[in-house]
Structure formats: structure tokens, C-alpha cells
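> Predicted structure and sequence below. I'll ask about it afterward.
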Amino acid sequence: MRTTTATWAEADSWLAVLHQRGHLHRVETGPDGARSVQRGRHSRPWTLHHPVLALDFVEDLLRDSRQRDAEASR
């Protein structure tokens with residue numbers, strides 16, 4: 001369990017690494033500070049208005065990635 005609140009710096013770090021490693025197609029910061037992320041070229045973009053939402057998105061993406069890796073190794 002977290003003892004500190006999530007920050008945009010932490011969320012941006014995760015999003016940058018996932019983008020660099022090919023797990024995200026696009027990550028952009030909007031004029032209001034929200035992040036827009038897109039998993040694949042043809043997938044629907046998500047708008048993340050708060051760093052907690054961004055970290056929840058990262059958690060879901062990592063869970064899906066690990067599940068696909070486990071299924072591929074079977």
C-alpha cells in the first residue's frame with residue numbers, strides 16, 4: 001500500500017519507459033496537464049486527468065503484458 005500520493009513525475013516516468021519499450025503507441029500532455037495515451041496505432045486514446053489514474057492505467061497495461069507473456073510461454 002502506498003504511503004505517498006502519486007505525482008505526475010512518477011507517472012510520466014512510467015509512461016515514458018512503456019512508450020520507449022513499445023507498449024504504448026503515443027503519449028502526449030494536453031494544455032490542461034492531462035495525459036493522452038494510446039496503446040496501439042488503431043486503439044482508442046485514453047485521457048488521464050490525474051496521476052493516480054495514470055498509475056492505474058500503467059498497472060493495467062503491465063498486468064495485460066505479463067498475462068500475454070505467460071500465455072505465450074505455454
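Perfect, thanks for sending it.
> Helix or strand with the lowest mean pLDDT in the chain?
Lowest mean confidence among the helices and strands of the chain (mean pLDDT, DSSP states H and E): helix 51-72, at a mean of 91.
> Name the residues that touch that helix?
Defining contact as C-beta atoms under 8 Å, 6 or more residues apart in numbering, one finds that helix 51-72 is touched by 5-8, 10-11, 14-15, 18, 23-24, 35, 37, 39, 46, 48. In this view, the C-beta of every residue, glycine as well, is placed from N, C-alpha and C.
> Let's see if you can find the most crowded of those residues.
The most crowded member of those, judged by other C-beta atoms under 10 Å, is residue 15 (23 neighbours).
> Let me know the helix or strand that it is in.
In the assignment (DSSP states H and E), residue 15 maps to helix 8-20.
> So which elements touch that helix?
strand 26-29, strand 35-38, helix 51-72 (3 or more C-beta pairs under 8 Å, 6 or more residues apart in numbering; DSSP states H and E).
> Would you mind listing the buried residues in the least confident helix or strand of the chain?
For helix 51-72, burial by neighbour count (16 or more other C-beta atoms under 10 Å) applies to 51, 53-55, 57-58, 61.
> Which two of the contacts of helix 51-72 have the greatest separation?
5 and 39 (25.5 Å; C-beta to C-beta).
> just checking, residue 6 is part of a strand?
No: counting by DSSP: H, G, I helix; E, B strand; the rest coil, residue 6 falls outside a strand, being coil.
> and the gap between it and residue 62?
Between residue 6 and residue 62 the computed distance is 15 Å (C-beta to C-beta, to the nearest Å).
> Once you drop chain neighbours, what's closest to residue 43?
Nearest non-adjacent residue to residue 43, counting by C-beta to C-beta, 6 or more residues apart in numbering: residue 25, 7.2 Å away.
> Against residue 1, how distant is that neighbour?
According to C-beta to C-beta, residue 25 and residue 1 sit 32 Å apart.
> So these two - more neighbours on which side?
Neighbours were counted for residue 25 and for residue 1 using other C-beta under 10 Å; residue 25 has more, 14 against 2.
> ok, now which ones touch residue 15?
Residue 15 makes contact with 24, 27, 35, 37, 54, 58, according to C-beta under 8 Å, 6+ apart.
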